[in-house]
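mind folding the following:
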Amino acid sequence: MAAFEGKESIKRKGDVLLIMPPLYHTGREPDYNPKEPMSLMVLASELRRNGICTDILDADVEALPLETVVDDILKRAPKVLGISVLQRALPSTETIVTSVRKQGLKETHITLGGITATLSYRTILHRLGNLIDSIVLGEGEETLTKLSQAVLTGQEWRGIPGLAFSQNGTVIYSKPNKIDPSVFPPPSRDYLEFCSRKTGYATILSSRGCYGRCSFCSNYTFESFSSNGPRWRGRNPEEVVEEIAQINRQYGIRVFKFNDPNVFGPGKKGREHVAKICSGIIKRGLNLSLMAFCRGNDILADPTILPLMKQAGFERILIGVESSNNEVLAKFRKDETIEEIEKAIDLIQKHNMSIVIGFMIFNPYTSLQTLKQDLAFLKRRGFSVTLSKALRIFDGIPMQAYLDEEGRLITRNPFEGYHEYIVSPQVASIYMGLKTVAVAWTDTLKKYFQSRIWELKKGPSFYERAGYYSLTDAIFNLETSLLEMLISWSEDGFTREGIQRALNELWEKQFIPILSIIGISNTELFPTPNELSESIYTILKKQPFNTFPEKYRWQND
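Here you go, the predicted model:
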């Protein structure tokens, strides 16, 4: 297996610069785990293996303001600029490419890639076609390597498979091929030390794709975009274990988060892939703390897999539950019932592994009944999740077509926001009341004190994060209390004074203790209950919403 490459091994400025644009324009710390940019790391590794000098700049994880990113690109003046695009970062991407072109970067070939670039390539080219040269569709290692080689040698690149581009006002594209991840070298670890200092762990990728067919999943559409091959493909288990062992030896890191959408492949072969990784770890005597994502049916299919995972060091499992209502799960195409998922949860807990669940309490099929049912489920099982977010509709996912057929889809330009869907004004108003407080209190908390939250989250294992778990539990309890109030007000009536009293009590008894967990005593940054109560009263009284609008927060944040 090839040795790891980092920034120190690259002797000169790259011909190719790969960047992750910042979500926030002002340099705000990102409000998610600052993990390594796996997609850029794998691309860089393959480019470097082919003799192409490549640099990586993750402007989001470094919390760089847009002006700094633009200046950095102009100074480097790469021959190829590759931008990995998340939908929330489309406004940043547009600003970057507009600025660098305007300020003199005329000859550089600018290409975009990633899930959003693949799913929304037509819209992106329609808007940015005069500023960018191409879009790499699907998994980009082969396509980007061939594109870079062509650009660097002055050859024609438009016939390369897996590219989309605008030509005389027409979008031209060809579908990419599925990629066997085992044919590529391990990812370059340019950001390992930077990110592990913040999170306490390294990321690992043992496979690509997911065999599931969830209707809300952008990964499903991304994997289905390629012209051949299965959606899930595993790496060589021995190489995965060697990569973990080498990081452990070289950096002293023993905590790893598997970045796979699903660590299990389909059927017996998929379970054997996990078993081989676990056996390899055990055989080497590695003392690790591991976390991975999977489906409940993978756990139920083979009762021998959990003890083996536990022995290998798996401490934390993320299960996509999404809803406690079987009718909703059927709409989601989960191919699991809540009863089956709960059996898997019971098995995981029986083996003393902690569980994180994916859950979307607000979705196109939310009703007052499902809200109450979901809250009861979360309380009974003791799971803390974020309640103040709604299911997002991306270009091309099956759910988009379902909602369109139902006459409930409101199409948005992905540069401006997510597609919306019509729900009852009563449920929409409950959501917006919850969102109003979440943006005012918890989002403001993350905006100014995210680095303190990261310090709480960092620990020697996934078990040893008591301070962070106390924080997430406290935020969940606050959102739960408010959501229950909003449901009650919506059903039984409310007054201005009653809302104001309830918010003041929520502030004193639940939000102030949240601040104390991360050592904050100054409350001047946060809107007061009195400031918020009139907004919530108006929302509940007038019910002006019939969707769950999810606006991008970036420009002034």
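
all contacts plus neighbour counts: C-alpha atoms, from now on.
Fine.

could you give the mean pLDDT of the helix or strand that contains Lys75?
When elements are assigned from DSSP states H and E, Lys75 belongs to helix 66-76. The average pLDDT within helix 66-76 is 95.

before we move on, what about stretch 520-532?
Mean predicted lDDT for stretch 520-532 stands at 94.

before we move on, what about stretch 478-490?
Mean predicted lDDT for stretch 478-490 stands at 98.

how about stretch 82-97?
95.

with stretch 295-308 instead?
94.

buried set for it?
Residues 295-300, 305-306, 308 are the ones in stretch 295-308 that count as buried (16 or more other C-alpha atoms under 10 Å).

and the longest helix along the chain, what does it pack onto?
As assigned by DSSP state H, the longest helix anywhere in the chain is helix 466-492. Using 3 or more C-alpha pairs under 8 Å, 6 or more residues apart in numbering; DSSP states H and E, the elements in contact with helix 466-492 are helix 425-438, helix 444-457, helix 496-506, helix 512-517.

mind doing that once more with 10 Å?
Counting contacts by 3 or more C-alpha pairs under 10 Å, 6 or more residues apart in numbering; DSSP states H and E, helix 466-492 packs against helix 368-381, helix 425-438, helix 444-457, helix 496-506, helix 512-517, helix 529-542.

what's the shortest one in contact with?
Think helix 512-517. 442, 445, 449, 452-453, 456, 467-468, 470-475, 478, 506-507, 519-523 (C-alpha atoms under 10 Å, 6 or more residues apart in numbering).

out of the helices and strands packed on helix 466-492, which gets nearest to Lys178?
helix 444-457 (35.9 Å; C-alpha to C-alpha).

the nearest residue to Ile430 once chain neighbours are set aside: what's it in contact with?
With C-alpha to C-alpha, 6 or more residues apart in numbering as the criterion, Ile430 has its nearest non-adjacent residue at 5.7 Å, and that residue is Leu486. Each residue near Leu486 by C-alpha under 10 Å, 6+ apart is listed here: 427, 429-434, 480, 492-494, 499, 536, 540.

looking at those, which is nearest Gly417?
Met432 (16.3 Å).

does that closest one touch Lys551 like I think?
No - taking contacts as C-alpha atoms under 10 Å, Met432 lies outside contact range of Lys551: 11.9 Å.

next, count neighbours for the closest residue to Ile499 other than its chain neighbours.
Spatial nearest neighbour of Ile499, chain neighbours left out: Ser533 (6.0 Å); criterion: C-alpha to C-alpha, 6+ apart. Burial of Ser533 is recorded as 23 neighbouring residues (other C-alpha atoms under 10 Å).

equivalent analysis for Val136, please.
Neighbours of Val136 using other C-alpha under 10 Å come to 32.

again with Thr523
The tally of other residues near Thr523 (other C-alpha under 10 Å) stands at 11.

which residues does it contact?
441, 512, 515.

one more pass at 8 Å, please.
Contact analysis of Thr523 by C-alpha atoms under 8 Å, 6 or more residues apart in numbering lists nothing.

and the gap between the residue of the chain positioned farthest from its centre and Glu505?
Relative to the centre of the chain, and counting by C-alpha atoms, centre = their mean, the farthest-placed residue is Glu497 at 39.6 Å. Per C-alpha to C-alpha, to the nearest Å, Glu497 is found 12 Å from Glu505.

how about the helices in the stretch 1-150 of the chain?
Ranges of helices within the stretch 1-150 of the chain are 38-49, 66-76, 90-102, 115-119, 121-128, 141-152, based on DSSP state H, counting those that start in this stretch.

show me how far the first one is from its chain's centre.
The one in question is helix 38-49. 20 Å (C-alpha atoms, centre = their mean, to the nearest Å).

low-confidence ranges in the chain?
1-13, 227, 553-557 (pLDDT under 70).

in the stretch 101-250 of the chain, which spans are strands?
109-113, 134-136, 163-167, 170-173, 202-204, 207-208, 233-234 (DSSP state E, counting those that start in this stretch).

now distance to Thr386 too, for those strands, in TSV please.
TSV is the format used below for these (distance: least, C-alpha to C-alpha, whole Å):
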stretch	distance to Thr386
strand 109-113	29
strand 134-136	33
strand 163-167	37
strand 170-173	39
strand 202-204	23
strand 207-208	27
strand 233-234	31
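
pick the most deeply packed of the ones you listed.
With neighbours taken as mean count of other C-alpha atoms under 10 Å, these reach their highest mean count in strand 134-136, at a mean of 29.

now for that strand, which elements pack on it?
By 3+ C-alpha pairs under 8 Å, 6+ apart, strand 134-136 packs against strand 109-113, helix 115-119, strand 163-167.

quick one: closest of these to Val385.
helix 115-119 (24.9 Å).

so what secondary structure elements neighbour that closest one?
If contacts are counted by 3+ C-alpha pairs under 8 Å, 6+ apart, helix 115-119 sits against strand 134-136, helix 218-225.

in CSV, list those along with distance to Pro181.
Formatted as CSV, the helices and strands packed on helix 115-119 follow (distance: least, C-alpha to C-alpha, whole Å):
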stretch, distance to Pro181
strand 134-136, 17
helix 218-225, 14
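
between these, which one is closest to Cys278.
Closest to Cys278 of the helices and strands packed on helix 115-119 is helix 218-225 (C-alpha to C-alpha; 25.6 Å).

so of the buried residues of stretch 295-308, which ones are in helices?
Among the buried residues of stretch 295-308, DSSP H puts 296-300, 305-306, 308 in helices.

will you turn those residues into TSV that also has distance to Lys268?
Shown next, in TSV, are these (distance: C-alpha to C-alpha, whole Å):
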residue	distance to Lys268
Gly296	15
Asn297	12
Asp298	9
Ile299	12
Leu300	12
Ile305	11
Leu306	14
Leu308	15
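
quick check, nearest of those residues to Leu391?
Gly296 (20.4 Å).

list the contacts of that closest one.
Per C-alpha under 8 Å, 6+ apart, neighbours of Gly296: 319-320, 336, 340-341, 344-345.

between the residues you listed, identify the one with the most neighbours.
Most surrounded of these: other C-alpha under 10 Å gives Ile345, at 23 neighbours.
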